[in-house]
Each structure stands twice: as structure tokens, then as C-alpha cells.
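S.K.: Dropping a prediction and its sequence here:
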Amino acid sequence: MTAAPAALPGARPAGALTTAWRLAPLFARRRDGDRLATVLPVAAFAVVTALLLVVLGGAQAFFRWDDDLAFTYEAFAIIAVVLLLVPLATVGASAARLAARRRDERLASLRLLGATTGTITVLTVLEAAATALVGAVVGVAGYAVLAPVVGLLRFRGEALGSQMWVPWWWLPLAVLGVGLLAAASAVVGLRAVVVTPLGVRTRQRAGTAHWVRVLIAVGVLLLGMVLMQMLGVLGNLGGVVAIIATLAAIFGGMLLALDALGPWFVRVRSRRQARKAQTVPKLLAARMVLEDPKAAWRQVSGVAMTSFVGVFGAVGLALTHMTSTEGMDADEKWLMQDISTGVLVTVAISFLMVACSVGINQAAGTLDRAAVHVSLDRLGVPRSVMSEASRRAVMSALWMVAGGSALCAAVLIFPLVGMAIFIQPIAIATALAVFALGFLAVRGAAALSARLVPGILARPERAL
Amino acid sequence: MQYPGGTTPALDAVDLDIAAGESVAIMGASGSGKTTLLHCLAGILRPTAGSVTFASAQGPVRVESLDDGERSRLRREELGFVFQQGLLLDELTALENVAVARMLAGVPRGQAEAEAAQWLQYLGLAGLEQRRLGELSGGQAQRVAIARAQVTGARLIFADEPTGALDSATSVEVLDLLLSATQQGRTLVVVTHDADVARRCARTVVLRDGRVVSDTAAAAPAVPATEVSR
């Protein structure tokens, strides 16, 4: 019998940057045929970049006039960008999380092997940034395709056309920005791995959402209502800039409040559903949500902003509809029409972003739950039951997101415009259309991600 | 049986007849085809040639000719599984993991949980019903898997390295529980690397390179080494 090989003395440890640099190509090559998991984050970052450039291109097109109404158009453009930045950030965060999901486990393993926090952090930043940069470059090409289409929209009687093109030097800035966003999100998401490497390996129970969140959310809502009432006063004091800043603060605050409240509400409701479930899909759905209420909420939280924008948009449309154009000059008539167009475009782009965000999150969720799908299949669970459980898990959170955010928007805006506007048929129709589209987008994204399941079941050994 | 892209068959000329109530250990080195054989027998994989016949409650069934839905039904109603990882659902409690198998058969939740609770109690898990998997030891999780495999009245239980992740004392307990199922008329097919596990079964089939190289009955009848823990 030959003797076991003797242990070799270790080399002098290299710095974090050097070690990470050496390890990075190793992981870049590591594909395991799991192409989807690699392609999805790249595609997600491509969508983020393309939409970011389209939004910026559209907004800067409104800065070409210099007449009396120019400032009004610029103000509306800024409001639209503010409204779209939040869903855009949601898509960006989803893309970053998706990229991070596939990394967590092997980074945790590296930690267990003794890799330093520095090595892990540098490796994460390198990998996230590389994925995002590739996606962002593809996204620039996507912008080149989308811009001429969006350029067909007409404002003040003329098509946006070539005004949709941003200055060339914005492109590398956008690519860099998306790369930085990805790196920052990855580092934030890395905390769990770095602090408790075993936590990731052993699937510890997710933190529970506390009821104190309800108090915070109600407080923020009340503050928002007060600020909405003071918009006129603030406008007199600080002009349109103060109004825009206040609106942005209110929107941001409301979304944060919803984000604080949502997971708690989802947990309470799902716990009740888990207790009362009489069928396997209902029980599985409730337990899937309870496994991590925050993740369940995040999966559809993009809808919060869209519902919020939808209610504001519905009221905006009703206002322009009710305003008589008699006695207005041509420019003012254009303005009325353009506000309607702007509202619809903002809501449409917002939906596109939410659909992307939900699709990305759903796909990541399905890939994450590959072992569960294989497990259920072996138990003899029909695929229809699996699909129904996943769909129920998403839709139950969605009702809460959409309903909650629409209610918040209505509470904020009601004191300003009154009942007359709210019951306008166009307001009701727009709000209903917004919700219907939102639900369809989520259902569509859920259906799309369900198509990953047969692939998972065809190669179960990868999931176990 | 040949995997797509594979150059050699994963299983070749395997001819087995397993009787009701028998306990069969399938042994062999890694890559010898043990798990592939188990997956073919259980309808998880469809063999590229040959057939698998199962004596179901409704009469003989050619497993490979069933469609996906029918094979799912077969697994749900007549087969039970205990794998190394248990294949239990992390999100569910121990009780729910067992009850879900009955709920899939259309049994109301209350009744399914009552039946599940009886099995958990029988297998020594009374008081742990509401624990989730992360809160159970490896041996306890395997007991939950055994309860789930039996609560449906499965006639045939497949176990793939059921003791692979357990210490030796717990392994003996888990194997006792599995073998006790054969005393209730169930058939047990165990894939294992462990010669001690194989020795406890009534019959041992050894595979090499996808072929059966030996098929021997145990010298002594398979009986539990210890009393079943209650």
C-alpha cells in the first residue's frame, strides 16, 4: 500500500484583491450548463439600461422649447422621471438580486473554506459588475431599437423623433451607473453570507416582520397627507422646485411605508391562510410565503409604484378631461392633450418595468426552488398543483400590494381633488385598466417562469 | 437504459423479480447504476428499452408505458420514497409534510393531519409535529420521510441511501423502521453503499457497470436489529 501524500506547506497568503482576481475567472467559467441562470441577470441588466436611456431620452426631449409653456413641460418631465425612477430601481435591484442568488451558496462555501471577507467582497463586486456591464452594453443596443419607436409619440403636435437620442457621452455614464448599482446591491446582499456563512448553507428561518412597521407606515401616510395639503404654500415659498421635491419625498415616503408594512401584512394573512388551507396548493402557497414574507412582498412590490402612479394618472386624466378647452390658445390645448399622453406613457413604461421586475424575480424564485419542484414531482404531485401553488403565492401578495398602494394614493390625493374627480368615468376606467394590466403582467410573468419547471424536472440531479 | 449523450448504457440486461413483502438491497460502486435502477423502477426515469411491471392494486401496470400524469399518480398512491435528503419540503412542518401526501389523495386536511400525527407518534416523533425541517435532526427528518412514505398505504417503498447522512446508531434505528414496513406486507427496495444495511435485507443485488453481477438471499431472515422506537 502506498503512503498517503504528505501535506504541502502553504504559500504566503495573497491579498484580498489578488486572491479574488485569481478566483474570478474560475467562477466565470463555471457554467454547469446552467445557461439560464447566467443569461437571466444579463438580460435583466440589459432591460434596465434600455429603459433607463429611453426614460432619460424622453425627458430631455422636453427641454428643447424656450417659450412660456416650456417650464411647465420641463416640470412634468421631471415628475415623470421621478415617478419612473422607483420602478426602475426596483428592476435594477431585482436584477442584482438575481445575479447574487446564484452566488450566495458558493460564496458561503468559500467562507467556510476560509476566504476572507475582503476576498469575498472583491469577488462579488467583480462578478456583479461584469454581469451588469455586459447586460448594460446589450441594453444600449436595446435603446437604439426602442428610441425610434418611442420617438413616434407626439407632443405639441410634433413627434419626439430624433430628440429621443441622448448625448453620446450619456451612454458610457449609464453603463457605468448600472454597473455600480449592481455592485452596490451585491455588496449589500452579501452581508448575510459574510457575517453568517452557515446561515446561507442551512437555510435558516427568515427574520419575521414586526407589527411596529404598521405604526411607522401610518405615521408616514399621515405626514404625506399633511405635506400634500401644504403643496400650495410650499410652491409659493420655493417655487416649482419645492413642489417637485415635496412630491418626490411624498412618493418615496409612501413607497417606503408600504415596503415597511407589506411584509408584516403578508405574514399575518398567510399565517391565517396556512391554518385554514384545505387543499395542497393553498397550504403550499401559504407556507411558501411564510418561508420569507419579505421576499414574497419584494417579488411584487414593483406593482405598488405602478398602482400609485395609476391612481395619480387616473386623477390627472380626469382633471384634463374636465377642464374646458374653450378660450384656450393652441398651445394650451396641446398642453391638455399632452398631459393625457404623458400620463399614459408614464403608466405604460412603469408597467413594462414592473413586468420585467416580476418576471426576473419569478424566474429567480423558480430556479431557487428547483429542489422543491423535484421533491414534489417525486412525491407524485401533479405539475398543475405545483403551478397553482406558485401562482397563489404570488397573487396573494399582489392583491395586498396593489390594493394597499392604491388606497394610499387615494388617501393622499382625495383631499386635494375631492369626490367629483374620483367618480369621473375616465378616472375609474383608467384605474381599473391599470390594475387589470398590472395583474395580467404579473400572471404573464408567473406563467413564463412556470415554463422553467419542465427543464428543472428533466435534470433533477442539478437541483438536489 | 441509456442517458442522452451517454456512450455506455447506465443499465444493461437487468432482469429482476421482486416479490411483495420482500426487502431488497441494491449495492454497487458509485456510477454502477444503483440510483438509475431505482429511478426506473419508481417511474422517475423512463428506460430507453425494456419494461418495468408493477403489481398495483388495480392489477399489473407497465410503468414505462404510463404518461407523466399516470406515473405521478402511481408514485402518489402506491409508492413511497425515503431518500438521503429526505425530499421533504422545508417550508412545511413535520406534520404537514406527512399530511400533504394524504391531502393529495383528496383527504380533508383535518383527517390527513390526524393520520399523519398517528404515524409520527408511531415513529417516535410525538411532540415534534409542529417543528419545521430545519429544527429536526437528520434522524428525525428521515423518520418524517418514513412516515410520509407509509401514510398513503404505499405498497412499495424506495429508499436511496436512507442512512447515508446519519450516525451509526441513528442508521440502525432508521433501518429498523424501514424494515418493519415489510412486516406490514410492504416491499422495500434500498439503494445503499453500506454493507451493514444490505446485510439486514432479505436479498442483495449487486450492480457493476449497469449489470447485475450477483443476486443473493440473506442467510438469515431480515428482522429488525432492535425494537422499533416508539
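M.R.: Happy to help now that I have it.

S.K.: Every contact and neighbour count from this point should use C-alpha atoms.
M.R.: Noted.

S.K.: For chain B, which segments count as helices?
M.R.: Shown for chain B, the helices assigned by DSSP state H span residues B:34-41, B:68-77, B:94-103, B:109-122, B:138-151, B:168-183, B:195-200.

S.K.: Which of those sits closest to chain A?
M.R.: helix B:68-77 (4.0 Å; Cα to the nearest Cα).

S.K.: show me where pLDDT drops low in chain B?
M.R.: B:1-2, B:4-7, B:84-87, B:219-230 (pLDDT under 70).

S.K.: Can you pull the residues of it lying near chain A?
M.R.: Applying Cα under 8 Å from any Cα of the partner chain, one finds that chain B approaches chain A through B:44, B:69, B:71-76, B:80-81, B:87-89, B:91-92, B:100-101, B:103-104, B:108-109, B:134.

S.K.: Buried members of those into ChimeraX, please.
M.R.: Of the residues of chain B next to chain A, the buried ones go into a single ChimeraX selection, burial set by 16 or more other Cα atoms under 10 Å in any protein chain shown:
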select /B:44,71,72,73,74,75,76,80,81,87,88,89,91,92,100,101,103,104,108,109
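
S.K.: one step back: need the winner for burial among the helices of chain B.
M.R.: Ranked by mean neighbour count, those are led by helix B:94-103 with a mean of 27 (mean count of other Cα atoms under 10 Å in any protein chain shown).

S.K.: Run the chain-centre distance for that one.
M.R.: 17 Å (Cα atoms, centre = their mean, to the nearest Å).

S.K.: Let me see the residues that make contact with that helix.
M.R.: A:279-280, A:379, B:76, B:88-89, B:109, B:112-113, B:115-117, B:120, B:128-133, B:141, B:144-145, B:147-148, B:151-152 (Cα atoms under 8 Å, 6 or more residues apart in numbering or on different chains).

S.K.: how many degrees apart are it and helix B:109-122 in direction?
M.R.: Put simply, helix B:94-103 runs at 120 degrees to helix B:109-122, going by axes from the mean of the first three to the mean of the last three Cα atoms, to 10 degrees.

S.K.: Output the longest helix belonging to chain A.
M.R.: Longest helix in chain A, counting by DSSP H: helix A:231-276.

S.K.: Which SSE is immediately downstream of that helix?
M.R.: helix A:280-291 (DSSP states H and E).

S.K.: what packs against that following helix?
M.R.: Contact partners of helix A:280-291 among helices and strands, from 3 or more Cα pairs under 8 Å, 6 or more residues apart in numbering or on different chains; DSSP states H and E: helix A:231-276, helix A:383-417.

S.K.: contacting residues around that helix?
M.R.: A:205-206, A:266-267, A:270-271, A:273-274, A:277, A:295-296, A:385-386, A:388-393, B:91-92, B:100, B:103-104.

S.K.: how about residue A:68, what does it touch?
M.R.: With Cα under 8 Å, 6+ apart, residue A:68 has no contacts at all.

S.K.: any idea how far the residue positioned nearest the centre of chain B is from residue B:9?
M.R.: For chain B, the residue nearest the mean C-alpha position is residue B:158 (2.0 Å; Cα atoms, centre = their mean). According to Cα to Cα, to the nearest Å, residue B:158 and residue B:9 sit 22 Å apart.

S.K.: How many residues are close by residue A:153?
M.R.: 17 (other Cα atoms under 10 Å in any protein chain shown).

S.K.: Could you give the number of residues near the residue of the stretch 351-464 of chain A at minimum distance from chain B?
M.R.: For the stretch 351-464 of chain A, the residue closest to chain B is residue A:380, as judged by Cα to the nearest Cα, at 4.0 Å. Neighbourhood size, residue A:380 [other Cα under 10 Å]: 25.

S.K.: next one: residue B:67
M.R.: Using other Cα under 10 Å: residue B:67 sits among 12 other residues.

S.K.: In contact with it, which residues are there?
M.R.: Per Cα under 8 Å, 6+ apart, neighbours of residue B:67: none.

S.K.: I'd like the mean pLDDT over stretch A:253-271, please.
M.R.: Stretch A:253-271 shows an average pLDDT of 83 in the prediction.

S.K.: Please point out which parts of that stretch sit buried.
M.R.: In stretch A:253-271, counting by 16+ other Cα under 10 Å, buried: A:253-255, A:257-267, A:269-271.

S.K.: bridging residues for the closest residue to residue A:338 other than its chain neighbours?
M.R.: Nearest residue to residue A:338, sequence neighbours excluded (Cα to Cα, 6 or more residues apart in numbering or on different chains): residue A:155, at 5.8 Å. Per DSSP bridges, the residues bridged to residue A:155 are residue A:158.

S.K.: hang on, the earlier thing: surely the residue of the stretch 351-464 of chain A closest to chain B meets residue B:78?
M.R.: No - look at residue A:380 against residue B:78 with Cα atoms under 8 Å: they stay out of range, at 9.9 Å.

S.K.: and the helix or strand harbouring residue A:121, what does it pack onto?
M.R.: Here residue A:121, judged by DSSP H and E, is contained in helix A:117-150. Judged by 3+ Cα pairs under 8 Å, 6+ apart, helix A:117-150 is in contact with helix A:16-29, helix A:35-60, helix A:70-112, helix A:170-195.

S.K.: Let me know the angle separating it from helix A:170-195.
M.R.: 150 degrees.

S.K.: can you put the helices and strands packed on helix A:280-291 in a markdown table and add distance to residue B:209?
M.R.: Shown next, in a markdown table, are these (distance: least, Cα to Cα, whole Å):
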| stretch | distance to residue B:209 |
| --- | --- |
| helix A:231-276 | 47 |
| helix A:383-417 | 34 |
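
S.K.: Perfect, that will be all.
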